[in-house]
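[1] I would like the atomic coordinates for the input below:
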Amino acid sequence: MSQQKVVLLLGSNLGDPQKNLEVAMEKLESGNIEILKKSEILISLPVEFVSSNIFCNIATIILTDLSPIQLLNFIKGIEVEMGRIDDSRVSGGYTDRVIDIDIITYNELNFISERLEVPHKKHLFEREFSKILLKNLSRKT
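    Predicted coordinates:
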């Protein structure tokens, strides 16, 4: 498969969130993923759940030869490896997390399965912190 341009959004609000983002980015690169750009880190309050832990978030553009589902499996593996035990799709709601990695866009692909929807409409159109990160990412050279 040829190289695909993908936008990911990463967030963390447990432990050392900024360090968690750095570790997750290193793990992405160790999986033969090239990071082309990354946004500035944005601090935000939790969205769609209540917590006293604030989030560190970052958006990144990557190149990968993984299919959407292969990429999803890879990033879910990173989340588990870093200590994330509950996935919002499984638990039915959002909670604090060591790391969360979402696929926002995958080239121009429109893809819907039981486990993945691309583009990620909540991040593109509803969540203000996501829109800020994505705008920041598009301005970076």
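[2] what about the nearest residue to residue 69 once chain neighbours are set aside, how many residues nearby?
    Using CB to CB, 6 or more residues apart in numbering and skipping residues adjacent in sequence, the residue nearest residue 69 is residue 116, 6.6 Å away. (C-beta placed from N, C-alpha, C; glycine too.) Other residues near residue 116 come to 17 when the count uses other CB atoms under 10 Å.
[3] which residues are in contact with residue 116?
    68, 69, 72, 103 (CB atoms under 8 Å, 6 or more residues apart in numbering).
[4] what is the least confident helix or strand in this protein?
    The helix or strand of the chain with the lowest confidence, counting by mean pLDDT, DSSP states H and E, is helix 88-91 at a mean of 53.
[5] pLDDT weak spots in the protein?
    1, 49, 86-94, 122-126, 140-141 (pLDDT under 70).
[6] ranges for the helices of it?
    Here the chain has its helices, by DSSP state H, at 17-30, 68-81, 88-91, 121, 128-139.
[7] bridging residues for the closest residue to residue 102 other than its chain neighbours?
    Of all residues not flanking residue 102 in the chain, residue 9 sits nearest, at 4.8 Å (CB to CB, 6+ apart). Beta-bridge partners recorded for residue 9 (DSSP bridges): residue 59, residue 102.
[8] quick one: residue 9 from residue 132, how far?
    Separation of residue 9 from residue 132 (CB to CB, to the nearest Å) stands at 11 Å.
[9] show me which of those two is the more surrounded one.
    residue 9 (23 against 16).
[10] quick one: contacts for the more buried one?
    So residue 9 contacts 57, 58, 59, 101, 102, 104, 120, 123, 130, 133, 134 (CB under 8 Å, 6+ apart).
[11] neighbours around the third one, how many?
    Other residues within reach of residue 59, judged by other CB under 10 Å, total 28.
[12] the last one too?
    Using other CB under 10 Å as the criterion, residue 134 is surrounded by 20 other residues.
[13] that one touches residue 105, doesn't it?
    No - under the criterion of CB atoms under 8 Å, residue 134 makes no contact with residue 105, lying 9.1 Å away.
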